[in-house]
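Chemist: Return a 3D structure for these sequence lines:
(one chain, ligands or ions: 1)
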Amino acid sequence: MNLARLLEGTARRIGDAPAITIGGDTWSYAELRARVHRLAGYMRARLPDAPGARVAIAMDNSPEYLLVMFAAWQAGFAIVPMNAKLHAREFAWIMENSGARMCFASPRIHAELKPETAHLEGLILIETAQGAIDKLDGKPIDVPVEVGIDDPAWLFYTSGTTGRPKGATLTNRNMLFMTNCYFADIDHLAGEDTLLHAAPMSHSSGLYALPHIARGSLNVIAQSASFSVDEVIEILGRHRNVTAFAAPTMIVRLLQSASALRDKASNIRTLLYGGGPMYVADLERALDTMGPRLLQLYGQGESPNTITCLSKPAHAQARAQGDVARYGSCGVARTGVEVRVVDPEGNDVKPGETGEVITRSDCVMRGYWNNPEATKTSIRDGWLWTGDLGAMDEQGYLTLKDRSKDLIISGGSNVYPREVEEVLLRHPGVAQAAVIGRPHAEWGEEVVAYVVAKPDAAVEQAALDKLCLDNIARYKRPREYVMVPDLPKNHYGKVLKTELRARSTGKDTPK
Ligand code: AMP
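Modeler: Alright, predicted model coming up:
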């Protein structure tokens, strides 16, 4: 089944219904479908010999985002959505790794991408300035191209311990499972809903366009390129039955305008959050401000948003009963999803004991794109090893303790320390570097670098900052550089990041 059929069915059923709106511009489902058909025709005409070709997306949130996604599927291609905040070099690397043949880029990104992708042979780079896509020619494709259920549909670029992003290959089966699971565990949508895209569409907000388009919701696209509290509150005042995805740090920012948020809360149907830890004190404030409208998701790119969830009623009940352990958990396994907590040998640990979370379902990726080694490490006997540490109680509620790897989540975006370390080590005066996350009230975590200079070398902090700005996305650069004579290490020579984390908060190393 081709995912484009989700849109086809809705457009046939309720073509006049509004599909997307931004500012004063609204597209009906029939209009969206017609544009998808035309753009699919353009893509197919340019890539006639490439079934399964990858179409990269380097775009800010926009109506065209959904257009490109569905057109690529309609034409039988897979999409490679990329976080719009990445550095031009990072975009270029992902395109090279995925072998993308075509890339749609917002005007701002297009200008930066041109020189960085010049070496990518055969890549068609398309600027998506308003109206530009409508001018592309091509014989419309009216019927979605036949694809296999296990063919790739979405390459979700995440990262591993190596620091280089890896493409979690999500198939049509994975995406359909995620979509159906939405109806099973989150909301049964009935065509009178609004999906607000205030978070990046390259991640959860875009993923959730699928169930919402399948049921004919209105997609409202916030105009600001980054999350704006005022805009979200203003949109909540204008629409009903609103669902939105937000990282916990975004919810904390929304709570800065608690009284305005409380006034608009009745227009919220479901506020979906996840992707990073939600601190209990923040959740209490959120529940007290918005009422029983929050739903927590736990997932990862390798099993998109679909491992466990803490439902709206579970939040409300736990809060009413003062059951902190329950609302501090990330809920129970999603319908049709197996979740276990195991020791390093794969044996179940006892209820309440901490181990690694593993999961098995039709949502689990096919593997990492062109990376069988990494796939073998992550998927063993059909089970995805998440790299997250957690504990499950007798009733199946999972509580995440920590990430086993040292992933930093800052402002809802992932920062992989090794990637930042590699950049710092390019400085001729730097001998060693270790990057960690330090708790931050607004951003969840902030990036801190510990740097050891070579003997007699002068390392200016400004030079380190410039190096990062020149090579990686702005949000990944350290907010502080701590110059140290050496890094703490264990007997195997591994840097002890736990000790650095403790140091960074002024606490002693936990024994
Ligand atoms: P990503 O692949 O970008 O979606 O990041 C996935 C990682 O985010 C997971 O492996 C977890 O470490 C973290 N994560 C996702 N959901 C939650 C949650 N509800 N609570 C805490 N951490 C989460």
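
Chemist: Surely Thr169 is in contact with Asp151?
Modeler: No. The criterion here is Cβ atoms under 8 Å, and Thr169 misses it with Asp151 at 9.6 Å. Every residue, glycine included, has its C-beta placed from N, CA and C.

Chemist: The protein - how does it break down into domains?
Modeler: Domain assignment for the chain, taken from automatic domain parsing, gives 1-15+23-147, 407-505.

Chemist: Quick check, pLDDT for Pro144.
Modeler: For Pro144, the pLDDT comes out at 97.

Chemist: ok, and the closest non-adjacent residue to the residue of the stretch 51-200 of the chain found nearest the ligand?
Modeler: Across the stretch 51-200 of the chain, the shortest distance to the ligand (Cβ to the nearest ligand atom) belongs to Thr158, at 4.5 Å. Spatially, and ignoring its direct neighbours in sequence, Thr158 is nearest to Gly301 (3.8 Å; Cβ to Cβ, 6 or more residues apart in numbering).

Chemist: For the ligand, see how far away the one you found is.
Modeler: Separation of Gly301 from the ligand (Cβ to the nearest ligand atom, to the nearest Å): 4 Å.

Chemist: ok now do that residue, which residues does it touch?
Modeler: 156-158, 168, 365 (Cβ atoms under 8 Å, 6 or more residues apart in numbering).

Chemist: quick one: Lys350 is in a strand?
Modeler: No. Lys350: not assigned to a strand; according to DSSP: H, G, I helix; E, B strand; the rest coil it is coil.

Chemist: Touching, Asp282 and Arg253? I think so.
Modeler: No. Contact criterion Cβ under 8 Å: Asp282 and Arg253 do not qualify, at 10.4 Å.

Chemist: Looking at Thr169 and Asp151, which one has more neighbours?
Modeler: Neighbour totals were compared for Thr169 and Asp151, and Thr169 leads with 24 against 18 (other Cβ atoms under 10 Å).

Chemist: Just confirm yes or no for the helix or strand containing the more buried one near the ligand.
Modeler: Applying DSSP states H and E as the criterion places Thr169 in strand 165-171. No. Strand 165-171 lies apart from the ligand when judged by Cβ under 6 Å from any ligand atom; the minimum separation is 7.6 Å.

Chemist: helices or strands up against that strand?
Modeler: Contacts defined by 3 or more Cβ pairs under 8 Å, 6 or more residues apart in numbering; DSSP states H and E place strand 165-171 against helix 88-98, strand 152-159, strand 367-368.

Chemist: in the first one, what's buried?
Modeler: Put plainly, it is helix 88-98. Across helix 88-98, burial judged by 16 or more other Cβ atoms under 10 Å covers 88-95, 97-98.

Chemist: Dead centre of the chain: give me the residue that sits there.
Modeler: His203 (3.2 Å; Cα atoms, centre = their mean).

Chemist: and that residue, what does it touch?
Modeler: Contact analysis of His203 by Cβ under 8 Å, 6+ apart lists 81, 83, 275.

Chemist: circling back: any chance of the contacts of Gly301 in JSON lines, plus pLDDT and neighbour count?
Modeler: Below are these laid out as JSON lines (pLDDT from 0 to 100; neighbours: other Cβ atoms under 10 Å):
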{"residue": "Phe156", "pLDDT": "97", "neighbour count": "24"}
{"residue": "Tyr157", "pLDDT": "94", "neighbour count": "24"}
{"residue": "Thr158", "pLDDT": "82", "neighbour count": "17"}
{"residue": "Ala168", "pLDDT": "98", "neighbour count": "27"}
{"residue": "Met365", "pLDDT": "98", "neighbour count": "26"}
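
Chemist: Greatest separation within those: which pair is it?
Modeler: Tyr157 and Met365 (11.8 Å; Cβ to Cβ).

Chemist: shared neighbours of these two, anything?
Modeler: What both Tyr157 and Met365 touch, as defined by Cβ under 8 Å, 6+ apart, is the set 168, 301.

Chemist: Within range of the ligand, give me the residues from the stretch 301-450 of the chain.
Modeler: Contact residues (Cβ under 6 Å from any ligand atom) of the stretch 301-450 of the chain with the ligand: 301, 330, 386, 388, 400, 403, 414.

Chemist: in which helix or strand would I find the nearest residue to Ile126 once chain neighbours are set aside?
Modeler: Leaving aside its chain neighbours, Ile126 sits nearest to Phe104 (5.1 Å; criterion: Cβ to Cβ, 6+ apart). Using DSSP H and E, Phe104 falls within strand 102-105.

Chemist: by contact count, what packs against the helix or strand following that strand?
Modeler: Sequence-wise, the next helix or strand downstream of strand 102-105 (DSSP H and E) is helix 107-116. Judged by 3+ Cβ pairs under 8 Å, 6+ apart, helix 107-116 is in contact with strand 54-58, helix 88-98, strand 124-127.

Chemist: Go ahead and name everything in contact with the first one.
Modeler: Right, strand 54-58. Contacts for strand 54-58 (Cβ under 8 Å, 6+ apart): 43, 65, 68-69, 72, 77-82, 84, 86, 91, 94-95, 98-106, 109-110, 113, 152, 155, 202.

Chemist: contacting residues for Thr377?
Modeler: Contacts of Thr377 by Cβ under 8 Å, 6+ apart are Trp385.

Chemist: Next, the buried residues of the helix or strand containing it.
Modeler: For Thr377, the element it lies in under DSSP H and E is helix 372-378. Neighbour counts using 16+ other Cβ under 10 Å place 374-375, 378 of helix 372-378 among the buried residues.

Chemist: Fine, thanks again, bye for now.
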